[in-house]
Structure formats: C-alpha cells, structure tokens
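Engineer: sequence first, predicted model second:
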Amino acid sequence: MSGDKAALRAMMCDAAKLRSKSGSSSLVLTLQTWPVWQKARSVSVFAALPGEPDVLDPWPSDKRIALPRVHGEELDFHWTAGRAGLVPGRFGILEPSADSPPAGCGFDLILVPGIAFDRCGGRLGRGRGYYDRFLARASGFVAGVCFDEQLIGKVPLEAHDVRMDAIVTPSEIFPAEPKSRE
C-alpha cells in the first residue's frame with residue numbers, strides 16, 4: 001500500500017506545479033456559499049504550500065481562525081488574527097508565532113489540505129501523518145480542500161488514514177459517499 005501512495009504522491013506533486021492562483025479564488029468563492037462555512041464560527045485552516053488552494057485570501061474576517069504549528073510529530077493549532085501573525089515554521093510553512101493563543105482540537109469546521117482526494121472522503125497527504133494524528137483527536141466537521149484535478153478515482157488508504165466528511169473544490173462541494181464510513 002505504501003508504494004502505491006508514494007507513486008501517487010510523486011505523480012500528483014508533479015501536476016501541482018501547473019496549478020494557478022485563479023483556482024484558489026474560485027475555491028474561496030465556492031466555500032463562501034457553503035452553509036457549513038457560513039454557520040461556522042471557529043475554523044481550522046492551513047497556510048497553502050505551492051500547488052495547494054489558498055483559503056486565506058482574502059482573510060476570513062467573520063471567523064475565528066486557527067492554523068497549525070508543528071510541535072514534534074504533532075500539529076498544535078493556535079488562533080491567528082491575520083497573515084501578519086504568521087512566521088515560517090519547521091518545514092518553511094507559515095504558522096502562528098509561538099506566543100499565539102492555543103486553540104485546542106475542537107472546531108466548527110476543519111479544512112484539510114492534501115495531495116489527492118476521492119469522493120469517498122479518502123485523502124492522500126504528504127506522508128508524515130500529521131493531519132491523521134490531529135484528526136484522530138479533533139472534533140468538528142472535516143472538509144478536504146483541493147483543486148478539481150486533485151480528485152481521483154480512489155485514494156489508497158491504510159487503517160490510520162482519516163476520511164473527510166466532505167470535499168471542497170473550486171467547482172463543487174460534495175459530501176463523502178456513505179460507503180466511506182465502512
């Protein structure tokens with residue numbers, strides 16, 4: 001299974017180089033029309049890496065926003081009021097400064113990045129398990145966020161992989177198919 005994931009990860013990362021900022025703008029507009037987003041007051045998000053949608057442009061001013069900080073092998077989320085409070089972290093990914101208030105693990109909505117997703121809520125991450133470990137202890141509605149071309153037929157999953165409740169793309173938002181819970 002791990003070999004399947006590694007090959008898929010490599011293929012999807014190569015494709016990521018072709019994605020544009022316009023897809024992020026479309027995704028944010030789609031997200032803003034979603035009732036789950038509209039009702040959410042506390043949202044955990046991520047600082048986009050190249051090839052990932054930027055859900056923080058513009059910064060959601062009507063939400064309480066938390067971003068992850070890498071702490072050892074875990075993600076700890078901290079409240080952040082804007083981009084000015086973000087600093088480069090362990091892997092060069094922007095994260096809240098060390099003095100940002102801790103946010104805990106419970107959110108109305110948890111937005112999760114990934115390299116690939118499927119319609120059953122399967123997610124392929126970057127391979128270190130940070131989000132799977134966080135999601136195993138978190139509470140809230142979990143939505144994978146990706147560009148349309150990151151949707152694939154089936155993501156290879158292992159027992160520790162956490163499935164999404166829904167997937168958000170620039171062109172649609174769909175709940176994970178019920179069979180994903182088996």
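Structural biologist: The structure has been received and is ready for your questions. Numbers count the residues shown, from 1 in each chain.
Engineer: tell me the centre residue of the chain?
Structural biologist: Nearest to the mean C-alpha position of the chain, by C-alpha atoms, centre = their mean, lies residue 112 at 1.6 Å.
Engineer: how much space between that one and residue 100?
Structural biologist: Remark: distance between residue 112 and residue 100 (C-beta to C-beta, to the nearest Å) = 20 Å. In this view, the C-beta of every residue, glycine as well, is placed from N, C-alpha and C.
Engineer: same deal with residue 176?
Structural biologist: For residue 176, the distance to residue 100 (C-beta to C-beta) stands at 31 Å.
Engineer: which residues are in contact with the closest residue to residue 135 other than its chain neighbours?
Structural biologist: In this structure, residue 135 finds its nearest non-sequential neighbour in residue 162, 4.1 Å apart by C-beta to C-beta, 6 or more residues apart in numbering. Going by C-beta atoms under 8 Å, 6 or more residues apart in numbering, residue 162 touches 123, 131, 132, 135, 136, 142.
Engineer: may I ask which helix or strand of the protein has the lowest mean pLDDT?
Structural biologist: Scoring the helices and strands of the chain by mean pLDDT, DSSP states H and E places helix 2-16 at the bottom, with a mean of 62.
Engineer: any stretches of this protein with poor pLDDT?
Structural biologist: Along the chain, the parts satisfying pLDDT under 70 run over 1-3, 5-22, 178-182.
Engineer: what about the helices in it?
Structural biologist: Using DSSP state H, the helices of the chain run over residues 2-16, 21-33, 35-39, 130-137.
Engineer: buried residues in the last one?
Structural biologist: Which is helix 130-137. 130, 131, 134, 135 (16 or more other C-beta atoms under 10 Å).
Engineer: now for the third one: which residues touch it?
Structural biologist: By that I understand residue 134. Counting by C-beta under 8 Å, 6+ apart, residue 134 touches 68, 74, 75, 77, 105.
Engineer: correct me if wrong: the second one contacts residue 129.
Structural biologist: No. Taking C-beta atoms under 8 Å as the contact criterion, residue 74 and residue 129 are not neighbours in contact, 9.9 Å apart.
Engineer: of those two, which one has the most company?
Structural biologist: residue 129 (16 against 13; other C-beta atoms under 10 Å).
Engineer: these two touch, right, that one and residue 160?
Structural biologist: Yes. Using C-beta under 8 Å, residue 129 makes contact with residue 160 at a distance of 6.9 Å.
Engineer: and the residue lying closest to residue 123 once chain neighbours are set aside, how far is that from residue 53?
Structural biologist: Distances taken as C-beta to C-beta, 6+ apart place residue 114 nearest to residue 123, at 4.4 Å, with adjacent residues excluded. Noted for residue 114: a distance of 10 Å to residue 53, by C-beta to C-beta.
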